[in-house]
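A.B. asks: output the structure for:
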Amino acid sequence: MFPNATLEAQRVKNALDMGEILQPRTKADLGVVIALSTVYFIDLIAVVFILLNRRYAPIRAKNPLLMALLFLASVFWCIGDEIVNGHLPLADSTFTDCRAWAFLVRVLLGICLMCAIFATRSYALYYVFKLNRPCRGLGFIIPIVLYAGCILTFLIVAFALHPEKSALYVSSLDLCKLDTPFKISIYVFIWMTWMFVAFINFKIRNIKSSFNESREMAVACFILLIVMVFNTLVQFIHPYYPFNKGYRISSTVLDHVATNTIWWTIMGSPIINCLFRREKYLDEWTRKLRQDGLQREYHVRPISCSNATLNMSVREQFDESYMYNASDGQGFFYNDGERPDGMWRDEDGLKLTFAEDGDFLLVESKSKKSHYALIKTI
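C.D. replies: Numbers count the residues shown, from 1 in each chain. As a prediction, the model looks like this:
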């Protein structure tokens with residue numbers, strides 16, 4: 001039965017012996033756990049959807065694998081919050097291993113992984129739109145490896161220390177307690193990560209991108225700032241904040257309203273449009289890309305054509321998605337899977353036929369039978 005009245009009464013008594021007032025767990029704590037579980041279940045459906053539709057160009061441009069990893073980091077953070085903030089009873093469970101749950105799951109796999117994902121995404125935008133380089137090579141990989149090395153070092157040190165010097169389970173209060181110097185080192189590391197994200201976002205503030213990526217990252221950076229300021233103040237001004245029902249609930253709710261706001265700010269538009277206006281949105285997406293002249297940055301590039309009356313474009317072959325459009329901006333063709341044999345037609349009778357070797361595309365306009373083009377992909 002939740003909450004356990006006997007356990008909660010004993011916790012209140014033990015806190016009074018310490019000179020502190022502890023507000024016991026109530027149905028409100030259970031309500032937070034249920035509400036967040038429901039929200040993240042909906043998020044899971046959205047993540048499965050973007051992975052299944054990862055070849056749909058507007059979704060692919062958002063890097064669905066990275067966004068799935070961002071969702072996973074949010075889940076780890078949520079589990080850690082529910083444990084560390086005192087919403088769940090810990091006694092007689094694996095949750096009493098506070099170094100694993102409070103530090104590894106909540107801090108490293110949750111908060112730090114989320115910040116690292118934002119840093120990677122911002123850094124990738126900086127590399128592509130500011131430096132005009134592809135996201136590969138030592139210059140791109142070394143900072144990511146260095147950050148991963150810092151996290152690994154932090155993890156080894158935390159588990160090498162005695163729990164009293166890192167994260168300790170206090171059985172009398174049924175809570176995890178972080179040692180103050182250890183807690184300071186955690187927040188210094190998190191703030192340094194945020195500062196790197198903020199610096200990169202400052203560098204990309206004026207990039208010319210078609211779909212407001214720099215704005216998305218600026219919003220994410222600002223929301224993370226609010227969350228971190230709130231949590232830092234609560235952690236160090238009210239170190240026993242899990243004793244207070246208002247503090248622990250507001251801290252948890254703020255964290256995950258923030259993470260979900262960030263995720264849906266980035267993925268909401270492509271998901272909704274893919275569901276309800278898939279082809280029309282793809283046409284608009286492609287047309288805007290061409291108007292902005294950013295085909296290369298989004299891995300869309302022209303192909304050579306022997307007929308000047310047609311102006312076609314095709315996705316790069318490694319992308320396994322192909323797009324074609326006529327020069328008047330009408331009659332878009334898109335395949336979000338492997339390139340098929342056979343042909344497609346649009347309403348105006350433009351016919352596209354793939355050769356068996358997959359290297360050439362025969363384009364025939366039924367309205368102008370004299371116009372044929374043999375197109376070879378680059």
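
A.B. asks: burial of Pro64, as a residue count?
C.D. replies: 21 (other CB atoms under 10 Å). The way it works is simple: take the backbone N, C-alpha and C, and place the C-beta from them, glycine included.

A.B. asks: same check on Gly268?
C.D. replies: Residue neighbour count, defined by other CB under 10 Å, stands at 12 for Gly268.

A.B. asks: okay, and it sits in which element?
C.D. replies: helix 245-276 (DSSP states H and E).

A.B. asks: quick one, the helix or strand just after that helix and helix 245-276 angle?
C.D. replies: Using DSSP H and E, the helix or strand that directly follows helix 245-276 along the chain is helix 278-292. Orientation check (axes from the mean of the first three to the mean of the last three CA atoms, to 10 degrees): helix 278-292 against helix 245-276 gives 90 degrees.

A.B. asks: could you name the helices and strands sitting against helix 278-292?
C.D. replies: The contact analysis (3 or more CB pairs under 8 Å, 6 or more residues apart in numbering; DSSP states H and E) places helix 278-292 against helix 57-60, helix 245-276, strand 333-335.

A.B. asks: show me the residues around the closest residue to Val234 other than its chain neighbours that make contact.
C.D. replies: With CB to CB, 6 or more residues apart in numbering as the criterion, Val234 has its nearest non-adjacent residue at 5.0 Å, and that residue is Tyr241. Shown in contact with Tyr241 (CB atoms under 8 Å, 6 or more residues apart in numbering): Asn85, Val234, Gln235, Tyr247, Arg248, Ser251.

A.B. asks: tell me which residues touch Cys108, please.
C.D. replies: Wrong residue type there; residue 108 is Leu, not Cys. Ile151, Phe154, Leu155.

A.B. asks: which of the residues you listed fall within helices?
C.D. replies: Ile151, Phe154, Leu155 (DSSP state H).

A.B. asks: name the nearest of the contacts of Leu108 relative to Gly19.
C.D. replies: Phe154 (33.3 Å; CB to CB).

A.B. asks: hmm, Phe189 and that closest one touching each other?
C.D. replies: Yes - Phe154 lies in contact with Phe189 (CB atoms under 8 Å); the separation is 6.6 Å.

A.B. asks: where does pLDDT dip in this structure?
C.D. replies: 1, 134-137, 139, 208-212, 289-378 (pLDDT under 70).

A.B. asks: hey, where'd the helices end up in it?
C.D. replies: Using DSSP H, helices in the chain cover 5-17, 27-52, 57-60, 64-84, 98, 113-125, 138-160, 180-203, 213-237, 245-276, 278-292.

A.B. asks: just want the angle from the fourth one to helix 213-237.
C.D. replies: Taking the same axes, to 10 degrees, one finds helix 64-84 and helix 213-237 inclined to each other by 10 degrees.

A.B. asks: this completes my enquiry, with thanks.
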